[in-house]
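S.K.: Structure here, sequence nowhere to be found:
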């Protein structure tokens, strides 16, 4: 079945640095969703991608499809301590109403 | 406007028991999905309901069932609980399902002993 692999698995960065993470699928996705999850809470939707080739922004966050539409990238600029958490990508499985989530990228920000 | 709400927040059950989890979607949203998230993993899709009809089911045993009510709220039932059912159960609502954005509730933490 379809799988979403995220990299890196985890990362430590200094406050103020830019962050980049990606998500790779075994098949084409027409929609990508990026979520952030804090411990013990539900995921919070950050960005939804619908159009390949376009950058979508939400404050310091930007995301876009990869060239093959089998991948997606999330960038965080000027990271701050509250960016700490786990970032998940997700997308609808082809031909179904089932959403698949990635393996997650754990972000830790050093003040 | 209120977001997605779930109840209870936490629950402790014994193996073999049955549990019912509840979810109220965002006002105006007609689709509810349920996910199971075990520690250290991403959410795994269990069900999606739209207008009271099941539209999708993940790879979960028949011990898992759900329904959606006329007011679009939903219940997830799990019978004959196993230790491996211990997880965070998440409910997400969307306007009409794929490919629209899904918004998650805070989850119900189920512990099976």
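M.R.: Nice, I can see it. Since the model is a prediction, treat every value here as computed from it, not as a measurement.
S.K.: ok, what's across the strand from residue B:56?
M.R.: Legend: beta-bridge partners of residue B:56 under DSSP bridges are residue B:48.
S.K.: was I right about residue A:75 contacting residue A:63?
M.R.: Yes - counting by C-beta atoms under 8 Å, residue A:75 touches residue A:63, with 7.2 Å between them. To be clear about C-beta, it is placed using only N, CA and C from the backbone, and glycine gets the same treatment.
S.K.: Could you check which of these two has the larger neighbour count?
M.R.: Each of residue A:75 and residue A:63 has its neighbours counted (other C-beta atoms under 10 Å in any protein chain shown); residue A:63 has more, 25 against 16.
S.K.: What strand or helix carries the more buried one?
M.R.: According to DSSP states H and E, residue A:63 maps onto strand A:61-65.
S.K.: what's that strand packed up against?
M.R.: strand A:32-37, strand A:44-49, strand A:56-58, strand A:71-76 (3 or more C-beta pairs under 8 Å, 6 or more residues apart in numbering or on different chains; DSSP states H and E).
S.K.: one more time with 6 Å, if that's ok
M.R.: strand A:44-49, strand A:71-76 (3 or more C-beta pairs under 6 Å, 6 or more residues apart in numbering or on different chains; DSSP states H and E).
S.K.: buried stuff in the first one?
M.R.: Judged by neighbour count using 16 or more other C-beta atoms under 10 Å in any protein chain shown, the buried positions of strand A:44-49 are A:45-49.
S.K.: For that strand, which strands pair with it and how are they oriented?
M.R.: Per DSSP bridges, strand A:44-49 is paired in its sheet with strand A:32-37 (antiparallel).
S.K.: Repeat that for the last one.
M.R.: Partner strands for strand A:71-76, per DSSP bridges, with pairing direction: strand A:19-25 (antiparallel), strand A:61-65 (antiparallel).
S.K.: could the ones you listed be laid out in TSV, adding mean pLDDT?
M.R.: Formatted as TSV, the strands paired with strand A:71-76 follow (pLDDT from 0 to 100):
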stretch	mean pLDDT
strand A:19-25	95
strand A:61-65	94
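S.K.: Residue A:14: which of the helices and strands packed on strand A:61-65 is closest?
M.R.: strand A:71-76 (12.7 Å; C-beta to C-beta).
S.K.: Quick check: next helix or strand after that closest one?
M.R.: Next along the chain after strand A:71-76, taking DSSP H and E as the criterion, comes strand A:85-92.
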